[in-house]
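Chemist: Can you look at this prediction? I've put the sequence above it.
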Protein chains: 2
Amino acid sequence: MTDAAPGKVYLVGSGPGDPDLLTVKAKRLLEEADVVLHDKLPGPEIIGMIPEEKREDVGKRAGGEWTPQEYTNARLVELAEEGNTVVRLKGGDPTVFGRGGEELAHLAENGIPVEVVPGITSAIAGPEAAGIPVTHRDYTSSVSFVTGHEDPTKDESAVDWDALAATGGTLVVLMGVGKLPQYTEALREAGMDPDTPVALVERATWPDQQVATGTLDTIVSVRDEAGIEPPAITVIGEVAGERERVVEFLEGY
Amino acid sequence: MTDAAPGKVYLVGSGPGDPDLLTVKAKRLLEEADVVLHDKLPGPEIIGMIPEEKREDVGKRAGGEWTPQEYTNARLVELAEEGNTVVRLKGGDPTVFGRGGEELAHLAENGIPVEVVPGITSAIAGPEAAGIPVTHRDYTSSVSFVTGHEDPTKDESAVDWDALAATGGTLVVLMGVGKLPQYTEALREAGMDPDTPVALVERATWPDQQVATGTLDTIVSVRDEAGIEPPAITVIGEVAGERERVVEFLEGY
């Protein structure tokens, strides 16, 4: 550590992938930063905007291994202590399932000035790009975002699908392509109507975005027939049925 | 209706109020649009960026009455049919409790090309501006956004506070300053720990942002002592306690 005042770290959300959905602030910070630590999640178009000499990839490494979170945490502190203005660029929003909270705490504990710059989460932009409003006065007074990474059949699952079903609100599952059979089953067992509309949005706002729709009962076969793969979000609830009403005049993606 | 092809309507989110948190696309559309229909929610700084001759205020009128949603719907169709490129600017994100879904359906039903441009919701930016991550691996696998406008004591309330408490995830209540006593009581009755951290963020990302913190048990008196008023969001959950760990080094707002 040098004696000089440390630089500042910005935890910045990249949004869902379309560079037009960066915030004005995120775009400016990518230009002004000395170093940008990123993984693959922001997508090729946004990563391509960062001058190569500023980029440090802290995502998946050559051997397929992930860079440990501890390395990223330590590297952020090190770069800031050298006096750099650092952007930690994260896909979507930095604290919606992004470990931004852990990085924030680590930086503060090490006396590094830090600021969170929110990004558009695919949990909201994904449905909208498919013509699906996240909430709707006629159907729902709440929306819940949940991670689909966990196995709902494990006893120690932190996700309470019974409670989520009981909210009666829209559910948006992030990173939930692989475990789709398990959690749709869990929701049916929790008493959710098997005819509830469900939509899958793959690569929301990317040039090759794909949308597939069905019901709680049919969505697993829909996924298989459409070949939906990660990254994708799952929208479960009456709002998913709105796509059909608007898709003919929907523009954008 | 003219014979010419109709113009397009963009349902655009303004973000929480800081003009730097507009998306690149929203900023460009505000410059390029022929007409911008807005209410007061985007805040004075962003509304001030729109040339006066383009603005149409469809928010609260002189007498304190709200412009009916039907008027806004009809006006959007009318302007588009005249061939205008129209921005319907909405505070935060257009479909997170913003009636964007209703406007989207109305436009599509009238054959108007329409696109949704997501905005940063204060439900995410508000906590982050206060140093609170929306989710955190150590505490929660879900986050739910809910409207605090409804009276939780009414039988017909569409919000199931029991189910929301049972999710175990972060809860963010929008427009929930007034009914704070009712829903904190409902959550305690649902078995939520009275020591659960709670934070209120008023005017998130505005120059006069205010934050006040307490617990499920104390937050009503905290609100009264701090004089927290709408617009504000309420964050309920272990993540709200993170603010204390980071606030000394937190910058931004």
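Modeler: Noted; the coordinates are in hand.
Chemist: tell me the contacts of the most centrally placed residue in chain A?
Modeler: In chain A, the residue lying closest to the centroid (Cα atoms, centre = their mean) is residue A:92, at 4.6 Å. By Cβ atoms under 8 Å, 6 or more residues apart in numbering or on different chains, the contact set of residue A:92 is A:13, A:14, A:15, A:16, A:41, A:98, A:119, A:120, A:121, A:122, A:123. C-beta here means a position set from N, CA and C on the backbone, and glycine is covered the same way.
Chemist: Which among these count as buried?
Modeler: A:13, A:14, A:15, A:16, A:41, A:98, A:119, A:120, A:121, A:122, A:123 (16 or more other Cβ atoms under 10 Å in any protein chain shown).
Chemist: Got the phi and psi for the residue lying closest to the second one once chain neighbours are set aside?
Modeler: Just to be clear, that refers to residue A:14. Closest residue in space to residue A:14, ignoring its immediate chain neighbours: residue A:42 at 3.6 Å, by Cβ to Cβ, 6 or more residues apart in numbering or on different chains. Per-residue torsions, residue A:42: phi -60, psi -20 (degrees, to the nearest 10).
Chemist: What ranges in chain A fall below the confidence cut-off?
Modeler: Residues of chain A meeting the criterion pLDDT under 70: A:1-3, A:61-64, A:150-157.
Chemist: Helices along that one, start to end?
Modeler: If DSSP state H is used as the criterion, the helices of chain A fall at A:24-32, A:44-47, A:69-81, A:100-109, A:122-129, A:161-167, A:180-189, A:219-226, A:242-246.
Chemist: Tell me how far the nearest residue to residue A:113 once chain neighbours are set aside lies from residue A:111.
Modeler: Nearest residue to residue A:113, sequence neighbours excluded (Cβ to Cβ, 6+ apart): residue A:8, at 4.4 Å. According to Cβ to Cβ, to the nearest Å, residue A:8 and residue A:111 sit 12 Å apart.
Chemist: More neighbours: the two, which one.
Modeler: residue A:8 (20 against 14; other Cβ atoms under 10 Å in any protein chain shown).
Chemist: show me what contacts that one?
Modeler: Each residue near residue A:8 by Cβ under 8 Å, 6+ apart is listed here: A:80, A:85, A:86, A:112, A:113, A:114, A:115, B:251.
Chemist: So residue A:165 is in contact with residue A:192, correct?
Modeler: Yes - when contacts are counted by Cβ atoms under 8 Å, residue A:165 is listed as touching residue A:192 (4.6 Å).
Chemist: Residues in contact with both of these two, list them for me.
Modeler: Joint contacts of residue A:165 and residue A:192 (Cβ under 8 Å, 6+ apart) do not exist.
Chemist: Count the residues that sit near the closest residue to residue A:204 other than its chain neighbours.
Modeler: Leaving aside its sequence neighbours, residue A:204 sits nearest to residue A:126 (Cβ to Cβ, 6+ apart; 3.6 Å). By the measure other Cβ under 10 Å, the count of residues near residue A:126 is 32.
Chemist: try the one 4 residues further on
Modeler: For residue A:130, the count of nearby residues is 27 (other Cβ under 10 Å).
Chemist: and if you look at residue A:113?
Modeler: 18.
Chemist: One more: the one 3 residues further on?
Modeler: Look at residue A:116: counted by other Cβ under 10 Å, it has 32 neighbours.
Chemist: contacting residues around the nearest residue to residue A:105 once chain neighbours are set aside?
Modeler: Distances taken as Cβ to Cβ, 6+ apart place residue B:245 nearest to residue A:105, at 5.4 Å, with adjacent residues excluded. By Cβ under 8 Å, 6+ apart, the residues touching residue B:245 are A:105, A:108, A:109, B:131.
Chemist: Narrow these to those that are buried.
Modeler: A:105, A:108, B:131.
Chemist: ok, the first one - contacts?
Modeler: Translated: residue A:105. So, once contact is read as Cβ under 8 Å, 6+ apart, residue A:105 ends up touching B:242, B:245, B:246.
Chemist: With residue A:248 as the reference, measure out to it.
Modeler: Taking Cβ to Cβ, one finds residue A:105 at 47 Å from residue A:248.
Chemist: what about residue A:68, neighbour count?
Modeler: Residue A:68: 10 surrounding residues under other Cβ under 10 Å.
Chemist: Make TSV from the buried ones among the contacts of residue B:245 and add distance to residue B:238 to it.
Modeler: Listed next are the buried ones among the contacts of residue B:245 as TSV, based on distance: Cβ to Cβ, whole Å:
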residue	distance to residue B:238
A:105	13
A:108	17
B:131	14
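Chemist: what's the closest of the contacts of residue A:105 to chain A?
Modeler: Closest approach to chain A among those (Cβ to the nearest Cβ): residue B:246, at 3.8 Å.
Chemist: can you map out the strands along chain A?
Modeler: Assigned by DSSP state E, chain A shows strands spanning A:9-13, A:35-38, A:55-57, A:86-90, A:114-117, A:142-147, A:170-174, A:197-202, A:210-215, A:232-236.
Chemist: Let's have those strands in a markdown table, adding distance to chain B.
Modeler: Formatted as a markdown table, the strands of chain A follow (distance: least, Cβ to the nearest Cβ, whole Å):
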| stretch | distance to chain B |
| --- | --- |
| strand A:9-13 | 8 |
| strand A:35-38 | 17 |
| strand A:55-57 | 20 |
| strand A:86-90 | 11 |
| strand A:114-117 | 4 |
| strand A:142-147 | 4 |
| strand A:170-174 | 9 |
| strand A:197-202 | 13 |
| strand A:210-215 | 14 |
| strand A:232-236 | 11 |
